[in-house]
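Q: structure, please.
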Amino acid sequence: PPVTRIRRRQWQWRAQSGAMGRIEWAMWANEQALAAGLILVTGGIVAVSAQFQGWKFAAYAIAAGVFVCLLEYPRGKRKKGSTMERCGQKYLTVVVKMFGPLTRNYYIRAILHAGLAVPAGFLLSTILGTVCLAIASGIYLLAAIRGEEWNPIESKPRERPQVGATIKHPPTNPPPRPPAEARRKQADEEARGQDNAAVIVQEE
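A: Here you go, the predicted structure:
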């Protein structure tokens, strides 16, 4: 009936909307913050090399951009699904992991990025990085409200299978072995021979 079809479509739409509501915002904040750090470094280098007025803010932007890039380079582990590591991030993961809740809590990251973005906004060449970092701070705040936190990606050691465990039933007959049908006939003949021998023993 058309009523049941409409209900099924409503249930499918609710299921899809629920799946979309479970987006992990920290992943997007990480990409946004890393891009903001690179933009800050680029704008700061341009301003310092050209000796713009207020180039001291540009020098600060370079230092802040490098710090943000080092902090955001190691990706966090997703709650569901697999996470692709960045090249060489395992070395920085150890450093970031040492700070414990200071780097794991996204509330702290949101406040940190918002504070780092303010001084770089006084210079035109670094204002784009300031806006990007402020957006990343807002996304991190949303991720923190939704209960997300940074967890390191730890590679599990691969277990080598034991040779004896993989072979469940080792072969008993040495090669060359006869076909399966011939082996079945041979087993039947041996069984019949044993039955005949038992009958003879009973008669004796």
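Q: just checking, what packs against the lengthiest helix in the chain?
A: For the chain, the longest helix by residue count, based on DSSP state H, is helix 25-50. Where contact means 3 or more CB pairs under 8 Å, 6 or more residues apart in numbering; DSSP states H and E, helix 25-50 is packed against helix 55-72, helix 106-120, helix 127-145. For glycine as for every other residue, the C-beta is placed from the backbone atoms N, C-alpha and C.
Q: as TSV, those with mean pLDDT and mean neighbour count would be great.
A: Shown next, in TSV, are the helices and strands packed on helix 25-50 (pLDDT from 0 to 100; neighbours: other CB atoms under 10 Å):
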stretch	mean pLDDT	mean neighbour count
helix 55-72	93	20
helix 106-120	93	20
helix 127-145	94	21
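Q: can you tell which of those is closest to residue 80?
A: helix 127-145 (14.7 Å; CB to CB).
Q: using PDB, write out every CA atom in stretch 63-78.
A: Extracted in PDB, the C-alpha atoms of stretch 63-78 (Å, rounded to 0.1, in the frame of the first residue of the first chain):
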ATOM      1  CA  ALA A  63      55.900  30.900  15.400                       C
ATOM      2  CA  ALA A  64      52.200  30.400  16.000                       C
ATOM      3  CA  GLY A  65      51.800  28.700  12.600                       C
ATOM      4  CA  VAL A  66      54.700  26.300  13.200                       C
ATOM      5  CA  PHE A  67      53.300  25.400  16.700                       C
ATOM      6  CA  VAL A  68      49.800  24.800  15.200                       C
ATOM      7  CA  CYS A  69      51.200  22.600  12.400                       C
ATOM      8  CA  LEU A  70      53.200  20.500  14.900                       C
ATOM      9  CA  LEU A  71      50.200  20.100  17.200                       C
ATOM     10  CA  GLU A  72      47.700  19.300  14.400                       C
ATOM     11  CA  TYR A  73      49.900  17.100  12.200                       C
ATOM     12  CA  PRO A  74      49.200  13.800  14.000                       C
ATOM     13  CA  ARG A  75      45.600  12.800  13.300                       C
ATOM     14  CA  GLY A  76      43.400  11.500  16.000                       C
ATOM     15  CA  LYS A  77      41.800   8.000  16.000                       C
ATOM     16  CA  ARG A  78      38.200   7.900  14.800                       C
END
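Q: what's around residue 187, how many residues?
A: 10 (other CB atoms under 10 Å).
Q: phi, psi for the most centrally placed residue in the chain please.
A: Relative to the mean C-alpha position of the chain, the nearest C-alpha, by CA atoms, centre = their mean, is the one of residue 83, at 1.7 Å. With angles defined as degrees, to the nearest 10, residue 83 sits at phi -120, psi 130.
Q: for it, give me its contacts.
A: If you count contacts by CB atoms under 8 Å, 6 or more residues apart in numbering, residue 83 has them with 75, 76, 77, 153.
Q: wait, the second one sits on residue 140?
A: No - with contact taken as CB atoms under 8 Å, residue 76 and residue 140 are classed as non-touching, separated by 11.2 Å.
Q: which residues do these two both contact?
A: In contact with both residue 76 and residue 140: residue 26, using CB under 8 Å, 6+ apart.
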